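A.B. asks: let's see this in three dimensions:
(chains A and B)
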Amino acid sequence: MSEKLQKLEDLVSLCKRRGFIFQSSDIYGGLASCYDYGPLGAELKRNVKNAWWKHTVQMRDDMVGLDCSILMHPMVWKASGHVDKFADLVAECKKCHTRTRADHLADAQGNTTEGAKTAEDLIKKICPKCGTTGQFTEPMPFKLMFETQMGANADDSMTVYLRPETAQGIFANYRNVLDSTRVKVPFGIAQIGKSFRNEVTTKAFIFRTREFEQMEIEFFCKPGTEEQWFEKWKEARMSWYTSYGIRPENLRMREHDKDELAHYAKGCVDIEYLFPFGKGDWQELEGIASRTDYDLRQHQRGMRSVTNWIENGRDAVTTPLKAEDADWAKGPLSYFDEETRERYIPYVIEPSAGADRGTLAFLVDAYTVETLENGEERNVFKFHPSLAPIKAAILPLVKKDRMPEKATNLYNDLKKYFPCFYDEKAAIGRRYRRQDEAGTPYCVVIDGQTNDDNTVTVRNRDTMKQDRINIDQVKSYLREKLDM
RNA sequence: GCGGGUGUAGCUCAGUGGUAGAGCGUCACGUUGCCAACGUGAAUGUCGUGGGUUCGAAUCUCAUCACCCGCUCCA
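C.D. replies: Presented below is the predicted three-dimensional model:
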């Protein structure tokens, strides 16, 4: 018998107890929405990222990797739209404390005011929630991007942003990759890295945090072929999750409604996981968007606006983006197809996954409490072997008769090939359970028989069954079982 | 942002004004012969944080921080 995770809290305390995830700045009372990965969590998350990289870069001929800086030219975010989108003014109704975008508030005649900037502008506006007229606070800017100052000398420092997504770094390097790697359309660029967003509301443990890690792909294809690539990526990404152990019944794909789409998007789906927040809730793990040539064309505009930005005191907020060149299709970010002798701006498919969300989903899906025949409970993380923080524990059955020596020798050999753990403390049953809680797939035990015939037992985490094999075969046995 | 709840040992929690506790876990020693064995011993507390009331505060009070649940929001 086994049961699935019911309350997120149970996972949170197990994660703390076993060193997967801690609250950030815990000894100072914590910092909202920030979390740290402990010894086991750091291994797990890195394994998730490695598994993603392996399938999106290593095993594909049409993908290359990238690792760019978090700080970028401020005009990158002007071109991407983030500077303007994130500069919305929001006013709060003093009566009911509902916050609404100032330029969305309407008066009795239904009129809104473009660029409403002060409480005066809102004197006739009606709160959409409680109907109160003109009781608004001074509109405040909603800063969804983290800002910081670049330059130690206060006089000539400028405002730069911590990236709110890794995607724009890919677009900004698209030309460099084309010129340095001999890739040809269709091809994609993958990147893993930290991003930062001042979310209005954070949520549920590491699910929505202000600092988070993304695993993003921009796949460039010829206009007209975007639909087939969109389908291919949807399938590739779904099967990635299930091939690493996510149960299919906990995973689904949700198509965005037409009115949910950005104006430039041709389609968008979310890969969602059934998380145990509250009563159980489908939440986004990854978004896959068909984004046309919008981003590259925007950056062509951005590239032409840099002088204006300098003349404008290096302020991206108040520097308008130059209009698109009439000859944009032949611009600096266009692609020349040697075979067809055509020049065009590639279309883009963007599979964008959250590394922390993914890690959380793998934790939730692997979390199992089993009731054994003797009535006792067993906590076990049934991670896919590739994701398990520790691959094998090496255990002498008892601490005598040269068992620890033999086990240590085996451990010292195996740890060169697999993340291993050696433990000779406490009874064997307890040590098995410790490894179950860490999600270790195999426990290798050196027992009395090892002295007689050089065999050891290998215990399977999920079945608790044992194989007896020769000590010399442990490495190849694990290699095969772990697919490493 | 609003409303509700919680915060005491690593974890789960008891403790309602008078010496800070239990179970589990951890560590040491002994024992050990395959699924959280047993014995003996030990360590670990800014009682989330800061102020106030009081002779005395984990307990009453104010503020604050964090987490959970439900709304709201989600580029």
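
A.B. asks: start and end of stretch A:143-150, how far apart?
C.D. replies: Stretch A:143-150 has an end-to-end distance of 18 Å (criterion: CA to CA, to the nearest Å).

A.B. asks: so is it next to RNA strand B?
C.D. replies: Yes: Stretch A:143-150 is in contact with RNA strand B by CB under 7 Å from any atom of the strand, via A:Leu144. In this view, the C-beta of every residue, glycine as well, is placed from N, C-alpha and C.

A.B. asks: show the contacting residues for the closest residue to A:Pro186 other than its chain neighbours.
C.D. replies: Spatial nearest neighbour of A:Pro186, excluding adjacent residues (CB to CB, 6 or more residues apart in numbering): A:Cys221 at 4.1 Å. By CB atoms under 8 Å, 6 or more residues apart in numbering, the residues touching A:Cys221 are A:185-186, A:229, A:346-349.

A.B. asks: redo that, cut-off 10 Å
C.D. replies: Shown in contact with A:Cys221 (CB atoms under 10 Å, 6 or more residues apart in numbering): A:62, A:185-188, A:227-230, A:232, A:290, A:346-349.

A.B. asks: among the residues you listed, who's most crowded?
C.D. replies: Counting neighbours by other CB atoms under 10 Å, A:Ile349 comes out on top of the contacts of A:Cys221 with 28 neighbours.

A.B. asks: give the pairing partners of the host helix or strand of that residue; include direction for each.
C.D. replies: Using DSSP states H and E, A:Ile349 sits within strand A:347-354. The pairing partners recorded for strand A:347-354 under DSSP bridges are strand A:211-221 (antiparallel), strand A:281-292 (antiparallel).

A.B. asks: if you count neighbours, what's buried in the next helix or strand after the shortest one?
C.D. replies: If I follow you right, that is strand A:211-221. As assigned by DSSP H and E, the chain's next helix or strand after strand A:211-221 is helix A:226-243. Counting neighbours by 16 or more other CB atoms under 10 Å, one finds that the buried residues in helix A:226-243 are A:226, A:229-230, A:233-234, A:237-238, A:240-241.

A.B. asks: could you look up the SS state of A:Gly41?
C.D. replies: For A:Gly41, the secondary structure call by DSSP: H, G, I helix; E, B strand; the rest coil comes out as helix.

A.B. asks: leaving out chain neighbours, which residue sits closest to it?
C.D. replies: Distances taken as CB to CB, 6+ apart put A:Phe20 closest to A:Gly41, at 3.8 Å, once the chain neighbours are dropped.

A.B. asks: burial measure for the one you found, as a count.
C.D. replies: Neighbour tally, A:Phe20, other CB under 10 Å: 26.

A.B. asks: got the contact list for it?
C.D. replies: With contacts defined as CB under 10 Å, 6+ apart, A:Phe20 is in contact with A:11-12, A:14, A:37-45, A:359, A:363, A:381, A:389, A:437-439.

A.B. asks: in helices only, show me those residues.
C.D. replies: Residues of the contacts of A:Phe20 located in helices (DSSP state H): A:11-12, A:14, A:39-45, A:359, A:363, A:437-438.

A.B. asks: residues from the stretch 201-350 of chain A in reach of RNA strand B?
C.D. replies: Selection of the stretch 201-350 of chain A residues close to RNA strand B by CB under 7 Å from any atom of the strand yields A:201-205, A:208, A:262, A:277-279, A:281.

A.B. asks: of these, which pair is most distant in space?
C.D. replies: Among these, the pair separated by the greatest distance (CB to CB) is A:Ala262 and A:Lys279, at 30.6 Å.

A.B. asks: of those two, which one has the most company?
C.D. replies: Between A:Ala262 and A:Lys279, counted using other CB under 10 Å, the more crowded position is A:Ala262 (13 against 5).

A.B. asks: wait, the more buried one sits on A:Tyr294?
C.D. replies: Yes: the pair A:Ala262 and A:Tyr294 qualifies as a contact (CB atoms under 10 Å) at a distance of 8.1 Å.

A.B. asks: quickly list what's touching both of these two.
C.D. replies: Overlap of the contact sets of A:Ala262 and A:Tyr294 (by CB under 10 Å, 6+ apart) consists of A:Gly81.

A.B. asks: okay, which residue is most central for chain A?
C.D. replies: Centroid-nearest residue in chain A: A:Gly354, 1.7 Å away (criterion: CA atoms, centre = their mean).

A.B. asks: picking up where we left off before, top of the ones in helices among the contacts of A:Phe20 by number of neighbours, please.
C.D. replies: Neighbour max across the ones in helices among the contacts of A:Phe20 (other CB under 10 Å) = A:Leu44, 27 neighbours.

A.B. asks: my understanding was that it contacts A:Ile21; is that so?
C.D. replies: Yes: using CB under 10 Å, A:Leu44 makes contact with A:Ile21 at a distance of 9.2 Å.

A.B. asks: overlap in contacts of the two?
C.D. replies: By CB under 10 Å, 6+ apart, A:Leu44 and A:Ile21 have these common neighbours: A:15, A:37-38, A:359, A:363.

A.B. asks: so which elements touch the helix or strand hosting A:Glu9?
C.D. replies: For A:Glu9, the element it lies in under DSSP H and E is helix A:8-17. In this structure, helix A:8-17 packs against strand A:21-23, strand A:35-37, helix A:39-53, helix A:355-366, strand A:367-371, strand A:377-381, with contacts taken as 3 or more CB pairs under 10 Å, 6 or more residues apart in numbering; DSSP states H and E.

A.B. asks: out of the ones you listed, the one nearest A:Ser180 is which?
C.D. replies: For those, proximity to A:Ser180 was assessed by CB to CB; helix A:39-53 is nearest, at 19.6 Å.
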